[in-house]
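Asks: Provide a 3D model corresponding to the input given below.
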Amino acid sequence: MSESVPAADADVIVVGAGPAGSTTAFYLAQAGLNVLLLEKTRFPREKVCGDGLTPRAVKELIDMGVDIDAPGWIRNKGLRVIGGGLRLELPWPELSSYPDFGLVRTRMDFDEILAGHAERGGATVLQGVNVTGPVLDERSGHVVGVTAKKDGEQVTYRSRLVVAADGNSTRMSLAMGLHRRDDRPMGVAVRTYFTSPRHDDDWLESWLELWDTGDDGQARLLPGYGWVFGVGDGTSNVGLGLLNTSEAFQHLDYRDLLRRWVKNMPSEWGFSEETMTGPIRGAALPMAFNRQPHYTRGLVLVGDAGGMINPFNGEGIAYAMETGRIAADTIATALSGLTPAQRERALRAYPETLKDVYGGYFTLGRLFVEAIGKPGVMGFLTRHGLPHPTLMRIALKLLANLTDRRGDATDRVINALSKVTPPA
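Replies: Predicted structure coming up:
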């Protein structure tokens, strides 16, 4: 990286104050670095999400010191799975590596809580700053800052390094030529909220059967799932997650599918147009490292910007926070007085670290979503898996990526599979 960079506004600029960006900024500030966290909107702001947090995400919150016992955090015991005429309640596994409970918190204030935590941890948070692109060093081509619009004016911020935490649409990555890989699965999530007596359900509920009628009049089972997550504030988050591995994906009206799905719910749950508290919103789910490399020329990718969503279950928040922590650790090492060449070597190790941690598991996930996209496979798995609780408990560990490194036989098999599978 060029040593002739003008005086910087920060050691590191983090673009985007979602879970990935705020976690990165928090840990960088804790490491003693001068961090600028730029958010294009102003809090509170909405994000399309199921609002459910698995024990992986809960662990990250606890490690950061976020007060999850404060009002508004709703705990859950595990996953209630519905399909093939069966209902099965699967408690979160008891592991030494993760807590045995999940949480629900709406993104309307979850992101604001994390950004505030980063700010109290020492990061400078600026809202209403819409980053428009990178500033490149003329000689090295490295990113040495960002251009942005703030209060209608063009501004420039300079730094030694920039982190792209700007989500699936990531302007920073695209400006650096990092485009989405077509050989990676993509999902779509649509959700809305209903006032409902089910708002205080202490299980996350997953429906494995999403049916759609094709042009030929034949009903077909779609690769994906529906969810009902109680928010605890009088409302339930109700939504669908769908994968692009089905031929029907391009032709579906997801919002209409959600409306038709909830019409089949019991009337006493209150899921109706009259009780809907807001519009149906949708978002893309970039999965399995769909944008690479995760470091190039002064730009580090975290969270959705790098396609860090688990293809097995569509979970993104845990991986956003985890990759933010891993990135911060790498950056802190790289900026700790190393020579430019040593610094670059340290940063280039970041993509390999991610592949070591997630690569094999994400490849297994890609194989899984390709399989359930084939006609009949999803129905077969639902019919033959749900009647066997022990098998489903193993499946929960695999799909939610919840194992101990030196756990029981199930953990060891899942971990071994991830290790021997080529990285994503």
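Asks: so where do the helices sit in the stretch 201-350 of the chain?
Replies: Secondary structure of the stretch 201-350 of the chain (DSSP state H, counting those that start in this stretch): helices at 254-263, 317-334, 340-354.
Asks: could you identify which of those is most buried?
Replies: Mean neighbour count (mean count of other Cβ atoms under 10 Å) peaks for helix 317-334 among these, with a mean of 25. Yep, even glycine has a C-beta here, placed from its N, CA and C like the rest.
Asks: by how many degrees do it and helix 340-354 diverge?
Replies: Helix 317-334 runs at 160 degrees relative to helix 340-354, counting by axes from the mean of the first three to the mean of the last three Cα atoms, to 10 degrees.
Asks: need the helices of the stretch 201-350 of the chain in CSV (columns: mean pLDDT and distance to Arg412).
Replies: Shown next, in CSV, are the helices of the stretch 201-350 of the chain (pLDDT from 0 to 100; distance: least, Cβ to Cβ, whole Å):
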stretch, mean pLDDT, distance to Arg412
helix 254-263, 91, 38
helix 317-334, 98, 22
helix 340-354, 95, 23
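Asks: of all the ones you listed, which lies closest to Ala165?
Replies: Of all the helices of the stretch 201-350 of the chain, it is helix 317-334 that lies closest to Ala165, at 7.1 Å by Cβ to Cβ.
Asks: and the closest one, what does it pack against?
Replies: helix 19-30, helix 55-64, strand 153-164, strand 299-301, helix 340-354 (3 or more Cβ pairs under 8 Å, 6 or more residues apart in numbering; DSSP states H and E).
Asks: what does the next helix or strand after the first one rub up against?
Replies: What that stands for is helix 19-30. Remark: after helix 19-30, the chain's next helix or strand is strand 35-39, criterion DSSP states H and E. Strand 35-39 has contacts (Cβ atoms under 8 Å, 6 or more residues apart in numbering) with 9-17, 21-22, 25, 28-29, 115, 118-119, 122-129, 131, 146, 148, 157, 159.
Asks: what about 7 Å?
Replies: Here strand 35-39 makes contact (Cβ atoms under 7 Å, 6 or more residues apart in numbering) with 9-17, 21-22, 25, 28-29, 115, 118, 123-127, 129, 131, 148, 157, 159.
Asks: can I get the helices of the stretch 201-350 of the chain in TSV including distance to Leu367?
Replies: Shown next, in TSV, are the helices of the stretch 201-350 of the chain (distance: least, Cβ to Cβ, whole Å):
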stretch	distance to Leu367
helix 254-263	25
helix 317-334	18
helix 340-354	19
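Asks: what about stretch 109-118, distance to the chain center?
Replies: From the chain centre to the centre of stretch 109-118 is a distance of 16 Å (Cα atoms, centre = their mean, to the nearest Å).
Asks: if you could redo that for stretch 40-47, that was the one I meant.
Replies: When distances are taken as Cα atoms, centre = their mean, stretch 40-47 is centred 17 Å away from the chain's centroid.
Asks: what do you get for stretch 273-280?
Replies: Relative to its parent chain, stretch 273-280 has a centroid offset of 25 Å by Cα atoms, centre = their mean.
Asks: in ChimeraX, how would I select just the buried ones from the contacts of strand 35-39?
Replies: Buried residues within those, by 16 or more other Cβ atoms under 10 Å, are selected in ChimeraX with:
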select :9,10,11,12,13,14,15,16,17,21,22,25,28,29,115,118,123,124,125,127,129,131,148,157,159
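Asks: inside strands: which ones of the contacts of strand 35-39?
Replies: Assigned to strands by DSSP state E, the following of these qualify: 10-15, 124-127, 129, 131, 148, 157, 159.
Asks: of the residues you listed, closest to Glu274?
Replies: Out of the ones in strands among the contacts of strand 35-39, the member with the shortest distance to Glu274 (by Cβ to Cβ) is Gln127, at 34.9 Å.
Asks: show the contacting residues for that closest one.
Replies: Gln127 touches Glu39, Arg42, Phe43, counting by Cβ under 7 Å, 6+ apart.
Asks: do the same with Gly278
Replies: So Gly278 contacts Thr192, Tyr193 (Cβ under 7 Å, 6+ apart).
Asks: distance of it from Pro389?
Replies: According to Cβ to Cβ, to the nearest Å, Gly278 stands 36 Å off from Pro389.
Asks: Ala57 now?
Replies: Going from Ala57 to Pro389 by Cβ to Cβ gives 25 Å.
Asks: out of those two, name the residue with the larger neighbour count.
Replies: Counting neighbours by other Cβ atoms under 10 Å for Ala57 and for Pro389 shows that Ala57 has the greater number, 24 against 13.
Asks: coming back round to it: same list (the contacts of Gln127) but as a markdown table, adding neighbour count.
Replies: Shown next, in a markdown table, are those (neighbours: other Cβ atoms under 10 Å):
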| residue | neighbour count |
| --- | --- |
| Glu39 | 26 |
| Arg42 | 10 |
| Phe43 | 15 |
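Asks: in CSV, list the residues you listed along with distance to Gly141 and pLDDT.
Replies: As requested, these are exported to CSV (distance: Cβ to Cβ, whole Å; pLDDT from 0 to 100):
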residue, distance to Gly141, pLDDT
Glu39, 27, 97
Arg42, 33, 96
Phe43, 35, 95
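Asks: the residue nearest in space to the middle of the chain and Arg184, how far apart?
Replies: By Cα atoms, centre = their mean, the chain has its centre lying nearest to Gly316, at 1.4 Å. Gly316 is 14 Å from Arg184, where distance means Cβ to Cβ.
Asks: sorry, back to before: for the residue nearest to the centre of the chain, which non-adjacent residue is spatially closest?
Replies: Leaving aside its sequence neighbours, Gly316 sits nearest to Ile309 (Cβ to Cβ, 6 or more residues apart in numbering; 4.3 Å).
Asks: could you give the bridge partners of that neighbour?
Replies: Note on Ile309: beta-bridge partners by DSSP bridges are Met287.
Asks: ok, it touching Ala320?
Replies: No - contact status for Ile309 versus Ala320: not in contact, 8.6 Å apart, counting by Cβ atoms under 7 Å.
Asks: quick one: contacts for the residue nearest to the centre of the chain?
Replies: Residues near Gly316 by Cβ under 7 Å, 6+ apart: Leu285, Asp304, Met308, Ile309.
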